[in-house]
Each structure stands twice: as structure tokens, then as C-alpha cells.
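J.: Okay, predicted coordinates and the sequence, questions at the end:
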Amino acid sequence: MCLAIPALIKSIEGKEAEVEIGGITRRISLWLTPEAKVGDYALVHTGYAINVLDQEEAEETLRLLEEIAGMAEEEG
């Protein structure tokens, strides 16, 4: 199973970006999403932005992931 996570693009340098995911910053590749710009949310999988999302879709996805994580913690 694969999982891609929305991340906020904070800066871009060439074909790489610094993104923030839950307070953690990472460098990712923008080779697959050259249209991405600072302030966009990118769907990140294995270090690559594979799609650009609108803010509403990204925030809803992050909310659902947090909800799933909370349910997993409750189950132990």
C-alpha cells in the first residue's frame, strides 16, 4: 500500500522544494509537478510531488489522516 501526503510548499530552488508536513520540513523533488509554486499544497510520495492540490482538498485530507491516526491510537 502506498500513501501520499499533502505538504505545504515553503520555498522552491530549481526543481526542489522545501515543504512542511505537520511541523516537519523536508526537501522534495518537483520534477513531476513543474507548475507548483510557493504556497501551493503538493501531494508528496517518496520524496516527489506527484500532484498539486487546492488548499481545501489538502486540509480535508490532512484532517482525515489525523482522524485515522487518532482511531489507531485508541485501539492501542
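T.: Okay, I see it.
J.: So which residues lie in contact with stretch 45-52, not counting its own?
T.: Stretch 45-52 has contacts (CB atoms under 8 Å, 6 or more residues apart in numbering) with 2-5, 7, 9, 17, 19, 26-33, 35-36, 40-44. Every residue, glycine included, has its C-beta placed from N, CA and C.
J.: can you give me the helices in this structure?
T.: Taking DSSP state H, the helices of the chain run over residues 55-75.
J.: remind me, longest strand of it?
T.: Using DSSP state E, we find that the single longest strand of the chain is strand 5-13.
J.: Alpha carbons of it, in CSV - could you do that?
T.: Only the C-alpha atoms of strand 5-13 are listed here, as CSV (Å, rounded to 0.1, in the frame of the first residue of the first chain):
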residue,chain,number,x,y,z
ILE,A,5,0.6,13.2,2.0
PRO,A,6,-0.3,16.8,1.3
ALA,A,7,2.5,19.2,2.2
LEU,A,8,2.7,23.0,2.0
ILE,A,9,5.5,24.3,-0.3
LYS,A,10,7.5,26.9,1.7
SER,A,11,10.3,27.6,-0.8
ILE,A,12,11.5,26.5,-4.3
GLU,A,13,15.0,26.2,-5.5
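J.: Out of the contacts of stretch 45-52, list just those in strands.
T.: Using DSSP E, the contacts of stretch 45-52 in strands are 5, 7, 9, 17, 19, 26-29, 41-44.
J.: Need the mean per-residue confidence for stretch 69-76.
T.: What stretch 69-76 shows for mean pLDDT is 80.
J.: chain center to it: distance?
T.: Relative to the centre of its chain, stretch 69-76 is centred 22 Å away, using CA atoms, centre = their mean, to the nearest Å.
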